[in-house]
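*Asks:* What follows is a predicted protein model with its sequence.
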Amino acid sequence: MTVQEALAFGVSQLADAGIDSAARDARRLMAHALGVGPDRITLHLRDELEAGPEAVYFADLSERAERRPVSHLVGGRDFYGRWFSVNEDVLDPRPETETLIAAALELTFRDVLDLGTGTGCILLILLAENPTATGIGVDVSAAALRVAKRNADALGVADRCALVVSDWWQGVAGQFDLIVSNPPYIAAAEMAGLAPELGFEPRMALTDEKDGLSAYRIIAGGAGAHLAPDGMLMVEIGHSQGGAVAAMLQDAGFVDVQIRTDLDGRDRVVMG
Ligand code: GLN
């Protein structure tokens with residue numbers, strides 16, 4: 001079987017499984033099996049698919065058809081122009097999160113705290129883009145922090161960040177001029193209607209098992225003690241939560257509270 005034939009088979013298998021991105025996913029799995037970049041596949045279309053890559057590709061196709069995310073099968077994903085290791089212990093970085101990163105990069109900061117750092121994608125990009133900044137990433141999951149550590153090493157910023165197991169503020173000391181978080185914000189009642197892929201991600205990274213707002217209550221409540229004078233708090237939100245979270249920050253004494261929209265024009269970040 002040639003690479004091209006195997007690709008065609010994969011696309012139809014994934015499409016039959018109801019996957020909208022069947023063609024793109026099959027290409028990414030093939031690239032992974034061949035050990036080449038996805039943009040190099042066209043150079044190999046007529047090659048005979050050898051036994052080793054063939055076994056990897058067909059095993060990955062079956063798992064993808066069961067809706068396991070591509071990032072878990074290939075070990076990571078591109079995010080904000082960099083490669084991040086991803087596994088089932090962390091939230092897969094989402095394009096929406098680039099809104100928060102872009103807003104944060106407009107600021108000047110030296111000390112960053114990322115609450116619920118997961119892959120570390122927010123914190124580590126902020127440090128990579130600001131060579132003089134230092135930061136702390138906390139997460140309640142030690143397994144998540146092992147992934148963040150791998151990413152910190154890969155991005156060359158491990159010497160400027162500490163990764164600490166902490167349930168929100170519990171293990172946090174000191175003050176920061178930028179505090180960021182992309183907390184679990186899906187309400188428990190909305191979990192049943194989500195794409196099957198989310199079933200492979202850590203549930204505690206997605207939902208607070210309540211109304212979707214409880215992490216913001218905790219974050220707003222503790223920020224006063226850890227935000228430097230003139231510091232900024234920035235949180236990602238679900239698109240319907242802008243008003244509620246902005247009001248929460250105002251009630252907690254924040255000033256200059258603003259909402260930013262994502263590329264789809266939906267509320268995505270609240271800051272103050
Ligand atoms: N900070 C990580 C991200 O934005 C993890 C967020 C989470 O697990 N809720 O992807």
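*Replies:* Arrived safely.
*Asks:* and the spatially closest residue to residue 236 that is not a sequence neighbour, what pLDDT?
*Replies:* Nearest non-adjacent residue to residue 236, counting by Cβ to Cβ, 6 or more residues apart in numbering: residue 182, 4.0 Å away. C-beta coordinates here come from the backbone N, C-alpha and C atoms, glycine included. With respect to pLDDT, residue 182 scores 98.
*Asks:* which residues touch residue 182?
*Replies:* 91, 97, 100, 116, 118, 122, 235-236 (Cβ atoms under 8 Å, 6 or more residues apart in numbering).
*Asks:* Report how many residues lie close to the residue of the chain found nearest the ligand.
*Replies:* In the chain, the residue that lies nearest the ligand is residue 118 (2.6 Å; Cβ to the nearest ligand atom). Number of residues near residue 118 (other Cβ atoms under 10 Å) recorded here: 28.
*Asks:* so what's it up against?
*Replies:* Applying Cβ under 8 Å, 6+ apart, the residues contacting residue 118 are 90-91, 93, 139, 144, 147-148, 182, 205.
*Asks:* In terms of pLDDT, where does it sit?
*Replies:* 98.
*Asks:* What separation is there between it and residue 126?
*Replies:* Going from residue 118 to residue 126 by Cβ to Cβ, to the nearest Å gives 14 Å.
*Asks:* How far off centre is stretch 126-136?
*Replies:* Taking Cα atoms, centre = their mean, to the nearest Å, one finds the center of stretch 126-136 at 18 Å from the center of the full chain.
*Asks:* What are the contacting residues of it?
*Replies:* With contact meaning Cβ under 8 Å, 6+ apart, stretch 126-136 is reached by 82, 101, 104-105, 109-114, 123, 155-157, 160-164, 172, 176, 178, 180.
*Asks:* now check it, is it near the ligand?
*Replies:* No. Counting by Cβ under 6 Å from any ligand atom, no contacts exist between stretch 126-136 and the ligand, the nearest distance being 11.2 Å.
*Asks:* If we go by neighbour counts, what in that stretch is buried?
*Replies:* Residues 126-128, 130, 133-136 are the ones in stretch 126-136 that count as buried (16 or more other Cβ atoms under 10 Å).
*Asks:* Could I get the full set of helices for the stretch 1-150 of the chain?
*Replies:* Here the stretch 1-150 of the chain has its helices, by DSSP state H, counting those that start in this stretch, at 3-16, 22-34, 51-65, 70-74, 97-104, 121-129, 142-155.
*Asks:* which one of those is the most hemmed in?
*Replies:* helix 121-129 (a mean of 25; mean count of other Cβ atoms under 10 Å).
*Asks:* CA-only coordinates of that helix in PDB, if you can.
*Replies:* The C-alpha trace of helix 121-129 is given here as PDB (Å, rounded to 0.1, in the frame of the first residue of the first chain):
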ATOM      1  CA  CYS A 121       1.300  27.100  27.700                       C
ATOM      2  CA  ILE A 122       0.300  30.600  29.000                       C
ATOM      3  CA  LEU A 123       3.200  31.100  31.400                       C
ATOM      4  CA  LEU A 124       5.900  29.600  29.200                       C
ATOM      5  CA  ILE A 125       5.000  31.700  26.200                       C
ATOM      6  CA  LEU A 126       4.900  34.800  28.300                       C
ATOM      7  CA  LEU A 127       8.400  34.000  29.700                       C
ATOM      8  CA  ALA A 128       9.700  33.000  26.200                       C
ATOM      9  CA  GLU A 129       8.600  36.300  24.800                       C
END
